[in-house]
Structure formats: C-alpha cells, structure tokens
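Enquirer: Just the structure for this:
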Amino acid sequence: MYYYLFILAIGAERLVELAVAQRNAKWSFAHGAKEFGRDHYPAMVSMHALLLISCIVEVWSLGRPFIGWLGWPMLGVVALSTVIRWRCVAVLGKRWNPRLIVIPGVPVVRSGLYRWVRHPNYTAVAAEVAALPLVHSAWLTALVFSAANAMVLGVRIRAENAALGYA
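Expert: Presented below is the predicted three-dimensional model:
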C-alpha cells in the first residue's frame, strides 16, 4: 500500500516538473530559444509514465514483496537522485527543461554539478529508473526500463550535445 502511494507521489512530482518546464519553455521562447530533438521527446515522456505504471502493475500482479535489505537502500537512491535532479533544475534555473530548448548564444552552464559531470541530471535519472522499481523488488520493470532509458538517453544526449555545439 505504501509503495503505491510512493509511486503516486513520484507521479505528482513529475506533474510539478512539467508545470515548471512549461513556465521555463515560455520564458525561453520569449528570449529567442529554439527547440531541438522534438522527435524523441514523446518517447521519453511515455517511457517515464509507463515506468510508474509498470512499477504498480508488477508489484500488484506478481505479488512482489518488500525486501528490506534491497528496498531501503533503493529508496535512498531514489531520494538522492531526486535531490540531484532538483539541484540541476536550480542550477539551470529558467533554462531547465525536459524538452531540448536552447537559447542561441547563451553559454553552457558549467557551475554546480555541471562542473564535474556533463549530464548530471541524466545520471540521476538513470539511477532513479533502476532504483524506483527495486524499492519493492519489481526487478522486471527495473531491467526493462533501465534498458529503455539507456536507449532514449543515447538519442537524447546525442541531440543535446549537437544542439549545445559539443563535438
């Protein structure tokens, strides 16, 4: 029961992210931004929505138990990845968006976690995608969506690097 509420809370947090993203997109476009990679964005959104659904379905339909030695550390990974993702949002400010929106001529952010990692948000997302199902031992969901996330992120990172002018 608590796991289902936890997944619902994660879903609500994603809705907050989308509201922030909408506000940021409006601001970015008002400042001359251009959008890139529109073709992969629906796949990315669908994958994340299906992840949440699959977490619930696998636990419910296959009777996956909560295993403390696995669940508690995975809950910690989810919490840490959420903190890292929101830290990325804070560092990027109005420029943050899950859509690939770039304001031409504005320098790439190299502060905060971006000093050490080119894509800290994607690192956190990868950890979260693997850990979220494992909080309640939904290992099939963890495997399938970690692989799907790797494929989507491969496309996304190539598009983002091209949009930002990385070699």
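Enquirer: any idea which element the most centrally placed residue in the chain lies in?
Expert: Centroid-nearest residue in the chain, with Cα atoms, centre = their mean: V125, separated by 4.1 Å. Assigned by DSSP states H and E, V125 belongs to helix 120-134.
Enquirer: Which strands or helices does that helix pack on?
Expert: Applying 3 or more Cβ pairs under 8 Å, 6 or more residues apart in numbering; DSSP states H and E, one finds that helix 120-134 contacts helix 41-62, helix 68-92, helix 139-164. From N, CA and C alone the C-beta is placed, and that goes for glycine too.
Enquirer: Show me where the protein dips below the pLDDT cut-off.
Expert: Scanning the chain for pLDDT under 70 picks out 166-167.
Enquirer: Determine the longest helix present in it.
Expert: What stands out as the longest helix in the chain, according to DSSP state H, is helix 2-30.
Enquirer: Between helix 41-62 and that one, find me the angle.
Expert: 170 degrees (axes from the mean of the first three to the mean of the last three Cα atoms, to 10 degrees).
Enquirer: immediately after helix 2-30, which helix or strand?
Expert: strand 34-36.
Enquirer: so the residue nearest to the centre of the chain sits right up against A150, yeah?
Expert: No: V125 is beyond contact range of A150, at 10.7 Å (criterion: Cβ atoms under 8 Å).
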